[in-house]
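**Student:** I'll drop the sequence and a predicted model, then ask my questions.
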Amino acid sequence: MGRASKGRATAAATPVVIMVRPQLGENIGMAARAMLNCGLSRLRLVAPRDGWPNERAVRAASGADVVLEQAELFDTVAEAVADLEHVVATTARNRELTQRIVTARQAAGEVRGWIGEGLAVGLMFGPERTGLENDDLVHADTVLSIPLNPQFSSLNVAQAVLLVAYEWAASGDTTPAERLAAHATRPANKEEMQNLFEHLERALDQSGFLRHKDMRPGMVLNLRALLQRARMTEQEARTFHGVIKFLSKGKHEE
């Protein structure tokens, strides 16, 4: 693994993840896996305790080898962040420094904005046991704090990487908040739903369910609203037609 060039890095479309003095190869590997899940692949390691490369990291990465193969190795935080315009440091503790603190979600939006301006950005994570120290945090212009249970806010470093990386990915994601997994069918259109309503209404009239004339309009409207909320697929509407037809016969016919 080579060191990054001393010159200014070319700004990329994603932030760099910087792991400072990571202690376990397994955590480096799991962090790499989390990064690649969320579209990040640029990893910098500062003085990993067990050296680099690390076979345990490779095993824990579960196929995210590209992240580990391209990882850059540094002796100090100052060297690792020298070519970056913005550094966001993660911490769960108040280190008695006066610094701007944001949530992971806020940081993700800001990082995306900085990168959109062509700036190089780093996300810095501390060692498993102690987290980042003051000497590390002074290299950051923004501190990211994850609001967790105040009685138990300790995260494994790979978990922290996943959480922050996910917020980064989500900040640029255009996936609809809700969708229908319709597989081989499609949502029923309004004509198909109208036919279903009318079929059900005829069956309920024939069965005597809608015999009370004063209550009938409201009951029909409520039933139609209920079926509309179901957002049936075309296949489900056809199945429901079959159910109504079967029940209308009053008995099973072979």
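**Tutor:** Perfect, thanks for sending it.
**Student:** what's the single longest helix in this structure?
**Tutor:** Using DSSP state H to define each element, the chain has its longest helix at helix 190-207.
**Student:** In this structure, mark out all the strands, start to finish.
**Tutor:** In the chain, the segments counted as strands under DSSP state E are 16-20, 43-46, 72-74, 86-90, 101-102, 121-125, 142-144.
**Student:** thinking again about what came up before, alpha carbons of the longest helix of the chain, as CSV, please.
**Tutor:** Extracted in CSV, the C-alpha atoms of helix 190-207 (Å, rounded to 0.1, in the frame of the first residue of the first chain):
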residue,chain,number,x,y,z
LYS,A,190,-59.2,2.7,-11.9
GLU,A,191,-61.4,1.0,-14.5
GLU,A,192,-60.5,-2.4,-13.0
MET,A,193,-61.2,-1.2,-9.5
GLN,A,194,-64.5,0.3,-10.6
ASN,A,195,-65.5,-3.1,-12.1
LEU,A,196,-64.5,-4.8,-8.9
PHE,A,197,-66.6,-2.3,-6.8
GLU,A,198,-69.6,-2.9,-9.0
HIS,A,199,-69.2,-6.7,-8.8
LEU,A,200,-69.0,-6.6,-5.0
GLU,A,201,-71.9,-4.2,-4.7
ARG,A,202,-74.1,-6.5,-6.8
ALA,A,203,-73.1,-9.5,-4.7
LEU,A,204,-73.9,-7.7,-1.5
ASP,A,205,-77.3,-6.6,-2.8
GLN,A,206,-78.1,-10.2,-3.8
SER,A,207,-77.0,-11.5,-0.4
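**Student:** Turn the strands of the chain into TSV, including mean pLDDT.
**Tutor:** Formatted as TSV, those follow (pLDDT from 0 to 100):
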stretch	mean pLDDT
strand 16-20	97
strand 43-46	98
strand 72-74	97
strand 86-90	94
strand 101-102	90
strand 121-125	96
strand 142-144	92
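**Student:** Can you tell me how far the nearest residue in space to Ala237 that is not next to it in sequence is from Ala57?
**Tutor:** Among residues not flanking Ala237 along the chain, Ala188 sits closest, at 4.3 Å (CB to CB, 6 or more residues apart in numbering). In short, each C-beta sits where N, CA and C put it, glycine included. Ala188 is 51 Å from Ala57, where distance means CB to CB, to the nearest Å.
**Student:** Those two: which is more packed in?
**Tutor:** Ala57 (28 against 23; other CB atoms under 10 Å).
**Student:** Thought Leu43 was touching the more buried one, still the case?
**Tutor:** No. Checked against CB atoms under 8 Å, the pair Ala57 and Leu43 is beyond contact range at 10.1 Å.
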